[in-house]
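Novice: For reference, the sequence and a predicted model appear below.
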Amino acid sequence: MSTVNPATRLGDLVRHRVPAQPAGPQPPRSPAVSLRGAGVRVGSRTLWSGVDLEVGAGEFVAVLGPNGVGKSTLIKMLLGILPPAAGEVRVLGEAPGRAGHRVGYLPQRRNFDASLRIRGTDIVRLGLDGDRWGVPLPVPARFSARRREARDRIAEVVELVGASAYAHRPIGECSGGEQQRLLIAQALVRDPELLLLDEPLDSLDLSHQGAVAALIGRICREAGVSVVMVAHDVNPILAWLDRVVYIAEGGAVAGSPQDVITTQTLSRLYGVPVEVLRTSDGRLVVVGQPEAPALHTDRHVEGGGT
Amino acid sequence: MNWAETSAGWSWNPLTDLQQIWAFPFMVNAFRAGTVVAVLAAVMGWFMVLRRQSFAGHTLSVVSFPGAACATLLGISAGFGYFAFCIGGALVIAAIPRVGQGGSGQESALTGTVQAFLLACGFLFVALYKGFLGGVNSLLFGSFLGITTTQVTVLTIVAAVALGVLAVIGRPLLFASVDENVAFGRGVPVRALSVTFLVLLGAATAEASQITGTLLVFALLVMPAAAAQQLTARPAASLALSVLIAVAVTWTGLIAAYYSPYPIGFYVTTFAFAVYVLARAARTLSTAVGRHRVVGGGAVA
Ligand SMILES: Nc1ncnc2c1ncn2[C@@H]1O[C@H](COP(=O)(O)OP(=O)(O)OP(=O)(O)O)[C@@H](O)[C@H]1O
Ligand SMILES: [Mg+2]
């Protein structure tokens, strides 16, 4: 799909807690996310159940599936916003919601109120220290090393996502894609060990899709950050993907992209004939009949027979 | 009511005028109480506007009227009634489940129901207490006469406690106000903060009602904050600006009310409204100029 070189326009990845390539023997890191027999209920409805999933440290996992199947709900469960209805869930070795500051979260796209008069940098800053109690003294940055450090870190991530040009504007006046990139900066600002991203590429244009996908992919590869990303289109992230999880029919199928994104599996999951083609460079093209799953039009399919 | 008759008129020298006004102990108390209330209302109002909880704030201010009426009926100090009803109202609103971001339809409807019911109760209390009618006017539209030193002390202590609590929860509250879901994911106790904030807002409303009256307290809560947020998008600056506007508006309101026969609530509201209109105009103007500049720069490039 996108032919833009994803590595363009990105600053260097800097200041990551985890060293790039793990050299020599290291203490085994607990899996970033592990679900065992997990299920979730919204109201009186069970969205999915019996899901087993393990996301290793430094893995890049995509969560796919039709609209309304419970992908965002999975992310919310991992954040501890919603309790699991069944099974065991661990996030970074702890109960969901316990590892708050080690997790970066990007909610599914929703726009800030146009009248919200808070700058983009303030939004990013909230990601850095918004959960601390007390109000910082209004000392000029000149006199406070901590303030300087915070300011530099914010400028750094804002630069990283390419949002410097509009980060000082009120967030309500930024476009949807600009808000999205500032929110990605907010999720990244505290060097998280796990990134939970709910459709981060939504509302970005093709070149920025490629750029942001590459940014997240490089953070995953070079800094060993685990990534769980909800997506509708795998192609922008295919180069970085370790595994995909397909949620459908009340359960989930996990595996490598080559195993899961196949004509048989997808046709079964969506309940409509879907064809998966492979290009010569290994990319996957999903062709839906009559409606492609990648086009956000699968809501009609959801209730259809399987 | 027209105190200018008992003293020299407005001299256009603010210093001598203030000196003259402050010769009366009740005016000194009025300025003290007004300043305390303005600072508290401005800060709470700033968060209220940011959280888009203006309707809850409005309800709390309306609720202060039955509170004062009930206290008068029971023969206790109106101050108790203000605080009891406003903070009670805040707890009721907090108990209404918040679905999603901002005031959802159901929340507004329930809050409105509480408001209408308590307002009706207020009128019932007034009817039950027959000799009370003369005071209704000042309950609704405010009065700055006869504020006692004890009252000033109570107002100051409550305001100090409320601002102290807000200083502790300020940053997480800002986070939760702007981005509830992300804040929750970070371990910010969103729900507890929301309840705490509503109680603080109730306290601020109870305080401000005693000066500006029930119907106009909302002006002090919403207008300085809204004007300040028009002028700057920096949180610290707009918070400070909001306080500055509220204090300025209260002081000029007090001075105007001293020299004229009209109630203070009218002046405070009018001045606050004027500031808001000016702030909006300034912003419209600055965006227009900015756009002009961008277009001009684009043409050159
Ligand atoms: N607060 C809620 N109350 C009741 N039902 C809800 C709530 N939130 C979500 N649901 C329901 O849960 C289901 C799953 O929602 P979810 O947001 O997880 O879907 P999704 O897989 O992320 O879909 P999409 O691709 O459209 O983002 C939907 O059917 C939705 O109607
Ligand atoms: Mg979703």
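Specialist: Right, received. Where do you want to start? Residues are numbered from 1 along each chain as shown, chains lettered A, B, ... in the order given. Ligands and ions are numbered 1, 2, ... in the order given.
Novice: contacts and neighbour counts: CA atoms only from here.
Specialist: Fine.
Novice: hang on, isn't A:Arg283 packed against A:Leu238?
Specialist: Yes: the pair A:Arg283 / A:Leu238 is scored as a contact, 7.1 Å apart, by CA atoms under 8 Å.
Novice: Same drill for those two, tell me which one is more crowded.
Specialist: A:Leu238 (19 against 16; other CA atoms under 10 Å in any protein chain shown).
Novice: Quick one: residues contacting the more buried one.
Specialist: A:257, A:283 (CA atoms under 8 Å, 6 or more residues apart in numbering or on different chains).
Novice: Which stretches in the stretch 1-150 of chain A count as helices?
Specialist: A:71-79, A:120-129, A:145-160 (DSSP state H, counting those that start in this stretch).
Novice: before we move on, what about the stretch 201-306 of chain A?
Specialist: A:206-223, A:257-260, A:263-270, A:299-302.
Novice: Kindly list the single helix or strand of chain B that scores lowest on mean pLDDT.
Specialist: The weakest-scoring helix or strand in chain B, judged by mean pLDDT, DSSP states H and E, is helix B:133-141 (a mean of 71).
Novice: Could I get the average pLDDT for the helix or strand just after it?
Specialist: Next along the chain after helix B:133-141, taking DSSP states H and E as the criterion, comes helix B:149-178. Helix B:149-178 shows a mean pLDDT of 94.
Novice: what's the answer for stretch B:33-40, then?
Specialist: 94.
Novice: what's in contact with that stretch?
Specialist: B:147, B:152, B:155-156, B:159, B:162-163, B:204, B:207-208, B:211, B:220, B:243, B:246-247, B:250-251.
Novice: Residues contacting the least confident helix or strand of chain B, please?
Specialist: With CA under 8 Å, 6+ apart, helix B:133-141 has contacts from B:65, B:68, B:126, B:209-210, B:212-216, B:263-266.
Novice: tell me which residues of it are tucked away?
Specialist: Across helix B:133-141, burial judged by 16 or more other CA atoms under 10 Å in any protein chain shown covers B:136, B:138-141.
Novice: That helix: how far from the chain's middle?
Specialist: Put simply, helix B:133-141 sits 19 Å off its chain's centre (CA atoms, centre = their mean, to the nearest Å).
Novice: Indicate the residue of the stretch 151-300 of chain B located nearest to ligand 1.
Specialist: B:Asn181 (12.0 Å; CA to the nearest ligand atom).
Novice: Please name the nearest non-neighbouring residue to that residue.
Specialist: A:Pro107 (7.3 Å; CA to CA, 6 or more residues apart in numbering or on different chains).
Novice: okay, that neighbour: pLDDT?
Specialist: pLDDT, read off for A:Pro107, is 88.
Novice: can you pull the contacts of residue 158?
Specialist: Since no chain was named, I'll use chain A. A:Val158 makes contact with A:121, A:164, A:167, A:182, A:185, according to CA under 8 Å, 6+ apart.
Novice: wait, chain B
Specialist: So B:Val158 contacts B:Ala203 (CA under 8 Å, 6+ apart).
Novice: gap between it and B:Val152?
Specialist: According to CA to CA, to the nearest Å, B:Val158 stands 10 Å off from B:Val152.
Novice: doesn't B:Ser177 make contact with B:Ile51?
Specialist: Heads up, residue B:51 is Arg, not Ile. Yes: using CA under 8 Å, B:Arg51 is in contact with B:Ser177, at 5.1 Å.
Novice: the more surrounded of these two?
Specialist: Per other CA under 10 Å, whichever of B:Arg51 and B:Ser177 has more neighbours is B:Ser177, with 23 against 20.
Novice: so that one sits right up against B:Val49, yeah?
Specialist: No: checked against CA under 8 Å, the pair B:Ser177 and B:Val49 is beyond contact range at 9.9 Å.
Novice: List the contacts of B:Val182.
Specialist: For B:Val182, the contact set (CA under 8 Å, 6+ apart) comprises A:105-107, B:176.
Novice: Which one of these is nearest to A:Asn67?
Specialist: Nearest to A:Asn67 among the contacts of B:Val182: A:Pro107, at 15.5 Å, using CA to CA.
Novice: separation between the closest one and A:Cys220?
Specialist: Note on A:Pro107: its distance to A:Cys220, by CA to CA, is 19 Å.
Novice: got it, and A:Ala99?
Specialist: For A:Ala99, the distance to A:Cys220 - CA to CA - is 18 Å.
Novice: where in the chain is pLDDT low?
Specialist: Let's take chain A. Across chain A, the ranges flagged by pLDDT under 70 are A:1-29, A:141, A:289-306.
Novice: look at chain B instead
Specialist: B:1-10, B:98-107, B:131-134, B:291-301.
Novice: Up against chain A, what does it have?
Specialist: By CA under 8 Å from any CA of the partner chain, the part of chain B that sits against chain A consists of B:50, B:167-172, B:174-175, B:181-188, B:229-230, B:232-235.
Novice: Filter those residues down to the buried ones and hand me the PyMOL line.
Specialist: In PyMOL, this line selects whichever of these come out buried by 16+ other CA under 10 Å:
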select buried, chain B and resi 50+169+170+171+172+174+175+181+182+183+184+185+186+187+188+229+230+232+233+234+235
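Novice: and B:Trp12, how many neighbours?
Specialist: B:Trp12: 8 neighbours (other CA under 10 Å).
Novice: start to end distance for stretch A:44-63?
Specialist: End-to-end distance for stretch A:44-63, by CA to CA: 24 Å.
Novice: when you scan it, is anything in it near ligand 1?
Specialist: No: remark: stretch A:44-63 sits outside contact range of ligand 1, by CA under 6 Å from any ligand atom, the gap being at least 6.6 Å.
Novice: tell me the contacts of residue 112?
Specialist: Going with chain A. Contacts of A:Phe112 (CA under 8 Å, 6+ apart): A:171-172, A:179.
Novice: That was the other one, I meant chain B.
Specialist: B:Gly112 makes contacts with B:Thr59, as judged by CA under 8 Å, 6+ apart.
Novice: Point me to the helix or strand that includes it.
Specialist: Secondary-structure assignment from DSSP H and E places B:Gly112 in helix B:105-128.
Novice: right, is that helix up against ligand 1?
Specialist: No: Helix B:105-128 stays out of contact with ligand 1 when judged by CA under 6 Å from any ligand atom, the minimum separation being 13.9 Å.
Novice: tell me, what residue is most central in chain B?
Specialist: The C-alpha lying nearest the average C-alpha coordinate of chain B belongs to B:Leu221 (CA atoms, centre = their mean; 2.7 Å).
Novice: Closest one to chain A out of the contacts of helix B:133-141, please.
Specialist: Relative to chain A, the closest of the contacts of helix B:133-141 is B:Leu216; by CA to the nearest CA it sits at 23.9 Å.
Novice: Excluding chain neighbours, what is closest to the closest residue to ligand 1 within the stretch 101-250 of chain A?
Specialist: Using CA to the nearest ligand atom, the single residue of the stretch 101-250 of chain A nearest to ligand 1 is A:Gln108, 7.0 Å away. Spatial nearest neighbour of A:Gln108, excluding adjacent residues (CA to CA, 6+ apart): A:Asp198 at 4.7 Å.
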